[in-house]
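# pasting the structure only:
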């Protein structure tokens, strides 16, 4: 099963300060042991923004450590970084026609959803409820105690 891992799950998995640290870390380890997962570059850059931000964490990651983590993911054969395809504009247009009220920060989610759709990835691991806007996505919340 192809599954995309959203920024928040990566943040939880790396930052021991997160109350969801252990469950997110185990979730990612489980995905890797079953063949891996995918992300987008926009997710990795957002992860860098969050994890190095002193306003988010009392002890943010230093830039070198954070960039090292991203480079490790980029080199990991079990992790695919999805890129826009030549059909990206058409896919974006279709999504925006179906969701004309999208605005502001949700465009970041639109980008991720469009890239997922282009690659046939229908499942996203996230705690972000905004992904429910996209009826073609299945959401898995690794922090949900009711998750199978």
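Okay, I see it. The structure displayed is predicted, hence computed values, not measured ones.

# Which stretches in the chain count as strands?
Assigned by DSSP state E, the chain shows strands spanning 3-5, 37-40, 79-82, 123-125, 138-140.

# Run the chain-centre distance for the first one.
Between the mean C-alpha location of strand 3-5 and the chain-wide mean there is a distance of 6 Å, by Cα atoms, centre = their mean, to the nearest Å.

# same check, this time on the last one
Its chain's C-alpha centre and that of strand 138-140 lie 12 Å apart, by Cα atoms, centre = their mean.

# Counting neighbours, which bits of that strand end up buried?
139, 140 (16 or more other Cβ atoms under 10 Å). (Glycine included, C-beta is placed from N, CA and C.)

# do the third one as well
Along strand 79-82, the positions that meet the burial threshold by neighbour count (16+ other Cβ under 10 Å) are 79, 80, 82.

# tell me the mean pLDDT for that strand?
Mean pLDDT, strand 79-82: 96.

# Next: stretch 120-133.
95.

# distance between the ends of it?
The straight-line separation of the ends of stretch 120-133 (Cα to Cα, to the nearest Å) is 18 Å.

# related to what we said a few turns ago, please identify which of the strands of the chain is closest to residue 107.
Evaluated over the strands of the chain, closeness to residue 107 peaks at strand 37-40, with 13.5 Å, by Cβ to Cβ.

# what's the closest one in contact with?
For strand 37-40, the external contacting residues (Cβ atoms under 8 Å, 6 or more residues apart in numbering) are 2-5, 10, 28, 31, 73, 78-83, 111-112, 115, 119, 121, 125.

# if we go to 6 Å?
Contacts of strand 37-40 with the rest of the structure, by Cβ atoms under 6 Å, 6 or more residues apart in numbering, involve 3, 4, 5, 31, 80, 81, 82, 112, 115.

# Now tabulate the residues you listed in TSV and tack on distance to residue 19.
Output for these, formatted as TSV (distance: Cβ to Cβ, whole Å):
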residue	distance to residue 19
3	22
4	23
5	18
31	20
80	29
81	28
82	29
112	24
115	29
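
# Widest-spaced pair of those?
The distance between the two most remote of those (Cβ to Cβ) is 18.2 Å, for 31 and 115.

# sorry, back to before: distance to residue 48 for the strands of the chain - can I get that in CSV?
Supplementary listing: the strands of the chain in CSV, determined by distance: least, Cβ to Cβ, whole Å:
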stretch, distance to residue 48
strand 3-5, 15
strand 37-40, 12
strand 79-82, 14
strand 123-125, 19
strand 138-140, 24
